[in-house]
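K.L.:
just coords:
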């Protein structure tokens with residue numbers, strides 16, 4: 001079976017695995033106070049061209065989102081998300097179970113737009129007074145790339161960030177697939193721009209070559225105060241934190257992280273091109289590693305003998321919309337086999 005249903009079905013990149021094995025007998029500081037974590041944090045600061053930020057390595061995306069959002073909000077405050085946002089659809093109510101309401105807005109190809117956010121904030125005030133019986137919208141949550149594999153342009157991020165600044169909102173970027181977004185062919189954003197246009201963001205490792213782990217970057221100085229206490233409270237402080245440092249340090253060595261993402265995007269583009277040439281309908285104009293297509297049920301049953309896909313919806317009475325995901329270790333021969341059978 002060839003797994004193309006998600007981008008975390010593969011194991012660990014050999015460079016990461018080798019470094020973990022090579023350093024296994026070493027003793028280091030604990031709780032992330034070790035040379036490998038320091039080195040990885042410095043690499044991220046250099047890539048962001050910003051030495052004034054705090055970085056925390058957390059085991060997974062859901063825990064990262066809970067830790068970040070709960071550290072930033074009071075319990076009477078809420079986070080704004082697209083209706084398709086990961087925290088709203090794929091995290092089992094984890095954010096709301098932590099005491100923070102999610103306010104949803106319609107997505108635009110998976111993205112949020114400033115006019116919708118502005119309208120929500122204006123609706124929260126009546127004749128200049130806040131509706132204190134409602135939760136207070138305080139944070140905007142976006143993903144780059146989105147759940148649909150779409151990406152934010154420099155102009156879109158700039159407009160969102162400027163609006164948040166004007167309305168006294170925080171902007172938090174979920175970067176579970178940030179590597180794929182920044183490596184997309186028409187992307188005009190880099191880590192330096194991301195770091196200067198949000199209050200917090202994270203760099204995903206789980207979906208891009210790591211055994212596990214995300215790097216949460218806290219840019220806003222106000223959010224950095226006592227952040228480590230919330231990290232511990234949320235169960236996100238790892239005793240053997242050095243293993244996270246080792247992984248990210250290797251991924252950012254010699255541009256490996258972005259080269260892996262670039263190859264996954266290339267393979268996804270190859271799949272999309274073949275689908276179009278063979279007459280299949282694409283439902284999303286994704287430039288990253290996620291492809292969404294409509295497949296006849298009979299054909300899907302045939303393909304599913306050899307390939308695993310994510311079923312998104314029943315498109316009509318005899319077609320389904322599926323998601324095809326390429327990852328850091330997807331082989332081109334897998335893609336060629338799929339194309340041959342389409």
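P.N.:
That came in fine, so what should we check first? Computed from a predicted structure; not experimentally measured. Numbers count the residues shown, from 1 in each chain.
K.L.:
count of neighbours near residue 62?
P.N.:
When neighbours are defined as other C-beta atoms under 10 Å, residue 62 has 18 of them. Any C-beta I mention is one placed from the backbone N, CA and C, and that applies to glycine too.
K.L.:
er, residue 212 actually
P.N.:
For residue 212, using other C-beta under 10 Å, the count is 15.
K.L.:
check contacts around it.
P.N.:
Residues in contact with residue 212 (C-beta atoms under 8 Å, 6 or more residues apart in numbering) are 59, 60, 205, 206.
K.L.:
Over to residue 53?
P.N.:
45, 195, 217, 218, 219.
K.L.:
Name whatever forms a beta bridge with the fourth one.
P.N.:
Translated: residue 218. Note on residue 218: beta-bridge partners by DSSP bridges are residue 54, residue 200.
K.L.:
Helices of the stretch 51-200 of the chain, start to end?
P.N.:
In the stretch 51-200 of the chain, helices defined by DSSP state H, counting those that start in this stretch lie at 61-72, 86-89, 94-97, 114-123, 154-166, 178-182, 191-195, listed in chain order.
K.L.:
okay, those, which one's buried deepest?
P.N.:
helix 178-182 (a mean of 28; mean count of other C-beta atoms under 10 Å).
K.L.:
ok, the closest residue to residue 280 other than its chain neighbours - how many residues close by?
P.N.:
Nearest non-adjacent residue to residue 280, counting by C-beta to C-beta, 6 or more residues apart in numbering: residue 293, 5.1 Å away. Neighbourhood size, residue 293 [other C-beta under 10 Å]: 23.
K.L.:
and the helix or strand hosting residue 293, what's its mean pLDDT?
P.N.:
Counting by DSSP states H and E, the element that carries residue 293 is strand 290-296. The average pLDDT for strand 290-296 rounds to 98.
K.L.:
Return the distance of the next helix or strand after that strand from the chain's centre.
P.N.:
Next helix or strand after strand 290-296 toward the C-terminus (DSSP H and E): helix 297-303. Mean-position distance between helix 297-303 and its chain equals 30 Å (C-alpha atoms, centre = their mean, to the nearest Å).
K.L.:
Check what contacts helix 297-303 and list those residues.
P.N.:
Contacts of helix 297-303 (C-beta under 8 Å, 6+ apart): 295, 309, 318, 319, 320, 322, 338, 341, 342.
K.L.:
Could you do stretch 118-127 as well?
P.N.:
80, 103, 105, 130, 131, 134, 136, 137, 163, 167, 169.
K.L.:
do that again at 7 Å, thanks
P.N.:
80, 103, 105, 130, 131, 134, 137, 163, 167 (C-beta atoms under 7 Å, 6 or more residues apart in numbering).
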